[in-house]
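# Sharing a sequence plus its predicted fold:
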Amino acid sequence: MRSGKAVIAELGEKLVSMIATFRWLSEHSQSLPLVNRAMNELAKSYVIRFGLPKSNPYLSPTDYVYSKVSTFHELVSAVVQAGDQAMLDNLHSKAQVIIEVGSLLLTLVEGVQDARHEDFAIHIENDFSTWLNQPDFLTHFTAHLNTALDFLTSSIPASAVTTLDEQTQLPTPHSTIYEQCLQLAHFVLSQQSPAQRNDSEIISRFAMLGNQRDALELAEKYRDFTFLVVYCYNRLDKRQCEKALNRYKKEYENDNFYDFLYTWYQQKGMFNHLLAEPGKKASDFLAKRQELNWIRQVEEGQFTQAKITLKKMANNEKDEHKKLIELSLCKFAALCEEQENLPEIAELSEQISELHEKQRMKEMNREGSENIEIE
């Protein structure tokens, strides 16, 4: 649900975008068959929905479409769908279709960006709902971007893909499409939420095309932490990886990069990396994860704290085997304290013995049941 302020800003941005795209159409109308076709189809649908304008029933399809400011965004879906259909029908070369559709989309985006730099612009905070970040609108940009990236992936030779970072010169249509893809990626990512941008398929696709540099720049700008961490561990040596991660920790300190990195370590089973992390942020993270925190406490010689942590874990544990392990480790930590608490150690020993006895009795009962079945 958009606010009244957002709707007013939307109308202003649409008006400036309409002017920009109208100028573009006027300059290139003879070479835009898909856009012209989409314009005609959209005008026909407007006649059905709104009727012919009584003041001037002889407007051209383009003029009629441009007379409807509030519904101007529908031109995007009309052009993208016309492009998809043209590629299915093989009416034009795929490269020509992709470039024409991409040019319209980028002209519209440039119009919005120009509008937002005007003195009269109404500024809406990034996390607010606007017409540009509506899923049913943004999906057309994403769909075309994927179509263009699919085309590049299927048509660029594998040898070129591996060397794109070395400024390999692509054929003219391909280089034009690639530049369009890069600009569209910036726009789409700028409109997505932080959760949508993380582990972004869009950014990964640029990396798969061989251009790690562009993918990395996108990931750094739009905070795709998954891509950044994976890049560090897969593409950099140990020293470079540590240096890059430390830079990201400082740069994205207010964006919860620390928590993301530590959670990633935990999910990937990289406990040695997690436990080796210095500082209060790592300690605070581990304090909420008792199953790991006791290891760090033992390594740091904090045996009393480790004993307390392990005792809490054992008290909350339902599985007797795990409980036995935790109590045994708890006793080990108690024995390592500077001042041994002998009554506490004796109590732990008794609990451990009771669990051993329970397990022994269960094993005997199980063996007895198996013997009866054999007989």
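That came in fine, so what should we check first?
# buried residues in stretch 255-269?
257-258, 260-262, 264-266 (16 or more other CB atoms under 10 Å). (Glycine included, C-beta is placed from N, CA and C.)
# and that stretch, how far out from the chain's middle?
Using CA atoms, centre = their mean, to the nearest Å, the mean C-alpha position of stretch 255-269 is found 15 Å from that of the whole chain.
# try stretch 34-45
35 Å.
# Give me the mean pLDDT for it.
For stretch 34-45, the mean per-residue pLDDT is 91.
# What are the contacting residues of that stretch?
Stretch 34-45 is contacted from outside by 25, 29, 61-62, 64-65, 74-75, 78-79, 81-83, 86, 92, 97, 100-101, 104, using CB atoms under 8 Å, 6 or more residues apart in numbering.
# Mind doing that once more with 7 Å?
By CB atoms under 7 Å, 6 or more residues apart in numbering, the residues outside stretch 34-45 that reach it are 25, 29, 61-62, 64-65, 74-75, 78-79, 82-83, 86, 97, 100-101, 104.
# filter these to the buried ones?
Buried members of the contacts of stretch 34-45, counted by 16+ other CB under 10 Å: 25, 61-62, 64-65, 74-75, 78-79, 82-83, 86, 97, 100-101, 104.
# ok, so of these, who is nearest Val230?
Val101 (31.7 Å; CB to CB).
# The nearest residue to the closest one once chain neighbours are set aside: what's it in contact with?
In space, Val101 comes closest to Gly83 once its chain neighbours are excluded; the distance is 4.0 Å by CB to CB, 6 or more residues apart in numbering. The contact partners of Gly83, taken as CB under 7 Å, 6+ apart, are 34, 97, 101, 144.
# What residues of the strand or helix carrying the first one count as buried?
Secondary-structure assignment from DSSP states H and E places Leu34 in helix 33-50. Of the residues in helix 33-50, those buried under the neighbour-count criterion (16+ other CB under 10 Å) are 33-43, 46.
# Need those in JSON lines (columns: distance to Phe285).
Formatted as JSON lines, the buried residues of helix 33-50 follow (distance: CB to CB, whole Å):
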{"residue": "Pro33", "distance to Phe285": "57"}
{"residue": "Leu34", "distance to Phe285": "52"}
{"residue": "Val35", "distance to Phe285": "53"}
{"residue": "Asn36", "distance to Phe285": "58"}
{"residue": "Arg37", "distance to Phe285": "56"}
{"residue": "Ala38", "distance to Phe285": "52"}
{"residue": "Met39", "distance to Phe285": "55"}
{"residue": "Asn40", "distance to Phe285": "59"}
{"residue": "Glu41", "distance to Phe285": "55"}
{"residue": "Leu42", "distance to Phe285": "53"}
{"residue": "Ala43", "distance to Phe285": "58"}
{"residue": "Tyr46", "distance to Phe285": "56"}
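# and which of the residues you listed is nearest Ser155?
The nearest one, if we look at those relative to Ser155 and count by CB to CB, is Leu34, at 19.6 Å.
# Quick check: the closest one vs Ile99, distance?
Leu34 sits 10 Å away from Ile99, going by CB to CB, to the nearest Å.
# Now intersect the buried residues of stretch 255-269 with the helices, please.
257-258, 260-262, 264-266 (DSSP state H).
# packing partners for the strand or helix carrying Leu25?
Counting by DSSP H and E, the element that carries Leu25 is helix 4-28. Judged by 3 or more CB pairs under 7 Å, 6 or more residues apart in numbering; DSSP states H and E, the packing partners of helix 4-28 are helix 61-66, helix 94-116.
# related to what we said a few turns ago, with just CA atoms, put the helix holding Leu34 into CSV.
Provided in CSV are the C-alpha atoms of helix 33-50 (Å, rounded to 0.1, in the frame of the first residue of the first chain):
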residue,chain,number,x,y,z
PRO,A,33,8.8,-2.1,-34.6
LEU,A,34,8.2,-3.9,-31.3
VAL,A,35,7.6,-0.7,-29.3
ASN,A,36,5.3,0.6,-32.0
ARG,A,37,3.4,-2.7,-32.0
ALA,A,38,3.1,-2.7,-28.3
MET,A,39,1.9,0.9,-28.3
ASN,A,40,-0.8,0.0,-30.8
GLU,A,41,-2.0,-3.0,-28.7
LEU,A,42,-2.0,-1.0,-25.5
ALA,A,43,-4.0,1.8,-27.2
LYS,A,44,-6.6,-0.7,-28.3
SER,A,45,-6.9,-2.0,-24.7
TYR,A,46,-7.3,1.6,-23.5
VAL,A,47,-10.1,2.2,-26.0
ILE,A,48,-12.0,-0.8,-24.5
ARG,A,49,-11.3,0.3,-20.9
PHE,A,50,-11.6,4.1,-21.2
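# between it and helix 4-28, how big is the angle?
130 degrees (axes from the mean of the first three to the mean of the last three CA atoms, to 10 degrees).
# the inter-axis angle of helix 33-50 versus helix 94-116?
Here helix 33-50 points in a direction 60 degrees away from that of helix 94-116 (the same axes, to 10 degrees).
# which parts of the lengthiest helix in the chain are buried?
Longest helix in the chain, counting residues (DSSP H): helix 342-374. Residues of helix 342-374 classed as buried by neighbour count (16+ other CB under 10 Å): 345, 348, 351-352, 355.
# Out of those residues, the closest to Ser283 would be?
Taking CB to CB as the measure, Ser283 lies nearest Leu348 of the buried residues of helix 342-374, at 25.9 Å.
# wait, what's in contact with the closest one?
327, 330-331, 334.
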